[in-house]
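1. What follows is a predicted structure for the sequence shown.
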Amino acid sequence: MIYARIAMSLSRSARIIADPFSEVLAALGARSVRGTGLEASGEWALAFDGRMRFKFVTVTRGRCWLLLPKHSPQALMEGDLVLLSDTRYTVASDPAVEPMDGMTLFAAPGQDLVRLGAANETALIGGGSGFADGSAAFVLDALPKFLRVDPTSSTAEAVARTLNALRTEVACAELGSSLAAERLAEVLVIAAIRAFVATSPKNSVGWITALADPRIGKALRLLHADVAYRWTVPILASEVGMSRSAFTQRFTERVGQPPLDYLTRWRMVLAQQKLKENQTVATVAAAVGYSSQSAFAHAFKRTLGRTPRSDEW
């Protein structure tokens, strides 16, 4: 019996994936939204609405201001890179300038570069990465609305180069450009998240930063490696070498919710994507760890606010 338990534990450990974040991106269908450019001079200000996506903005020439709700104005200079997540924002030559709707300027198909004024004092490049409908919150809730990346870091340089490449691929419409744009979007997400995790304080809350915690990160990798396994808090605590109470407290503090609540939410996000692929409710329930369709349906509705009936997707 002891050997059987050891074998079971080793089997689970062998299935631990190296990076749950990569699995989340793949499952949620990260995709390129668009690559855009802005060249401006004089007095100008453009306002953009908030959307469930990442938005990358880098200043390639000159300087400008970034205005965000509940933040003081941010001065951006050449080489600066910011990551925005589901928030309204304004870019401007001066915080006092009344903004115009930037969304309308980029609304027309193929209108990926906007010029304001005769000169070219300031230039910005932006790129976005979205997710499958209804799934973005799982990632975005674990990220800040605004992240400024150190312009001297290798991460900032890599993202700036990738943004340039993304804009070129989106605009050129050449052979393989759509696939290339998707891959570039994935690179942008990963690079930005690396910067976020590297600069986050140790008391940051969210499953993404919790991956850097040796024990909680291991627990998250275990959960993602075998989502259908009948995990319990005692099993997880034992796997990471902690008492049940200490593990529960630390997981909740780092992730923002108890272990099994996190597992249920991730299971329902996965289930939602599988239902969109026209898999049956029974198949999906089994795939995410439920032997009972009724129990699965109850958890699905409690978590997502709707039933998992396949004909609703």
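-> Structure's in. What do you need? Just so it is clear, the model here is predicted, and its values are computed rather than measured.

2. Outline the domain layout of this protein.
-> Domain assignment of the chain by automatic domain parsing yields the ranges 23-199, 214-312.

3. for those domains, which one sits closest to residue 208?
-> Nearest of the domains of the chain to residue 208, taken as Cβ to Cβ: domain 23-199 at 4.4 Å. Bear in mind the C-beta positions are built from the backbone N, C-alpha and C, glycine included.

4. so how far is that closest one from its chain's centroid?
-> Relative to its chain's centre, domain 23-199 lies at 14 Å (Cα atoms, centre = their mean, to the nearest Å).

5. Helices along the stretch 201-313 of the chain, start to end?
-> Ranges of helices in the stretch 201-313 of the chain, per DSSP state H, counting those that start in this stretch, are 207-210, 214-225, 233-239, 244-255, 259-276, 281-287, 293-304.

6. Give the next helix or strand downstream of the helix or strand of the chain with the lowest mean pLDDT.
-> When the helices and strands of the chain are scored by mean pLDDT, DSSP states H and E, helix 2-14 comes last with a mean of 42. Remark: after helix 2-14, the chain's next helix or strand is helix 20-28, criterion DSSP states H and E.

7. what does stretch 196-210 rub up against?
-> Residues from elsewhere that reach stretch 196-210, judged by Cβ atoms under 8 Å, 6 or more residues apart in numbering: 21, 83, 139, 141-144, 147, 149-150, 155, 193, 211-212, 216-217, 220, 251, 253-256, 262.

8. ok, the helix or strand harbouring residue 128: who's next to it in the sheet?
-> According to DSSP H and E, residue 128 maps onto strand 122-130. For strand 122-130, the paired strands and their directions (DSSP bridges) are strand 31-40 (antiparallel), strand 54-61 (antiparallel).

9. and of those, who's closest to residue 228?
-> The nearest among the strands paired with strand 122-130, by Cβ to Cβ, is strand 31-40 at 26.6 Å.

10. Which positions in the following helix or strand past the closest one come out as buried?
-> Later in the chain than strand 31-40, the nearest helix or strand by DSSP H and E is strand 45-48. The neighbour-count check on strand 45-48 (16 or more other Cβ atoms under 10 Å) flags 45, 46, 47, 48 as buried.

11. Could you dump the domains of the chain into CSV and include mean pLDDT?
-> As requested, the domains of the chain are arranged in CSV below (pLDDT from 0 to 100):
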stretch, mean pLDDT
domain 23-199, 82
domain 214-312, 93
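
12. Spatially central residue for this structure, please.
-> residue 139 (4.0 Å; Cα atoms, centre = their mean).

13. Return the set of buried residues in the helix or strand containing residue 138.
-> Element membership of residue 138, judged by DSSP H and E, is helix 136-140. Neighbour-count burial for helix 136-140, counted by 16+ other Cβ under 10 Å, picks out 136, 138, 139, 140.

14. Point out the other helices and strands that that helix packs with.
-> helix 20-28, helix 259-276 (3 or more Cβ pairs under 8 Å, 6 or more residues apart in numbering; DSSP states H and E).

15. Distance to residue 281 added to the buried residues of strand 45-48, as TSV?
-> As requested, those are exported to TSV (distance: Cβ to Cβ, whole Å):
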residue	distance to residue 281
45	50
46	46
47	43
48	39
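
16. Taking the residues you listed, tell me the two that lie furthest apart.
-> 45 and 48 (10.9 Å).

17. Mutual contacts of these two, please.
-> What both residue 45 and residue 48 touch, as defined by Cβ under 8 Å, 6+ apart, is the set 90, 91.

18. before we move on, the earlier item: can you tell me which of the contacts of stretch 196-210 are buried?
-> By neighbour count, with 16+ other Cβ under 10 Å, the contacts of stretch 196-210 hold 21, 83, 139, 142-143, 147, 149, 155, 193, 211, 216-217, 220, 251, 254-256, 262 as buried.

19. next structured bit after whichever strand or helix holds residue 157?
-> Taking DSSP H and E as the definition, residue 157 sits inside helix 154-172. Using DSSP H and E, the helix or strand that follows helix 154-172 in sequence is helix 177-199.

20. Convert the C-alpha atoms of that following helix to PDB, please.
-> Written as PDB, here are the backbone C-alpha positions of helix 177-199 (Å, rounded to 0.1, in the frame of the first residue of the first chain):
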ATOM      1  CA  SER A 177       0.500  37.100 -41.800                       C
ATOM      2  CA  SER A 178      -2.500  36.000 -39.700                       C
ATOM      3  CA  LEU A 179      -0.600  33.100 -38.200                       C
ATOM      4  CA  ALA A 180       2.500  35.200 -37.600                       C
ATOM      5  CA  ALA A 181       0.400  37.900 -35.900                       C
ATOM      6  CA  GLU A 182      -1.100  35.300 -33.600                       C
ATOM      7  CA  ARG A 183       2.300  34.000 -32.600                       C
ATOM      8  CA  LEU A 184       3.600  37.500 -32.000                       C
ATOM      9  CA  ALA A 185       0.600  38.200 -29.800                       C
ATOM     10  CA  GLU A 186       1.500  35.200 -27.600                       C
ATOM     11  CA  VAL A 187       5.100  36.400 -27.400                       C
ATOM     12  CA  LEU A 188       3.900  39.800 -26.300                       C
ATOM     13  CA  VAL A 189       1.700  38.400 -23.600                       C
ATOM     14  CA  ILE A 190       4.400  36.200 -22.200                       C
ATOM     15  CA  ALA A 191       7.000  39.000 -22.200                       C
ATOM     16  CA  ALA A 192       4.700  41.400 -20.500                       C
ATOM     17  CA  ILE A 193       3.700  38.900 -17.800                       C
ATOM     18  CA  ARG A 194       7.400  38.100 -17.200                       C
ATOM     19  CA  ALA A 195       8.000  41.700 -16.600                       C
ATOM     20  CA  PHE A 196       4.900  41.900 -14.300                       C
ATOM     21  CA  VAL A 197       6.000  38.900 -12.200                       C
ATOM     22  CA  ALA A 198       9.600  40.000 -12.000                       C
ATOM     23  CA  THR A 199       8.600  43.500 -10.600                       C
END
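
21. Okay then, goodbye and thanks.
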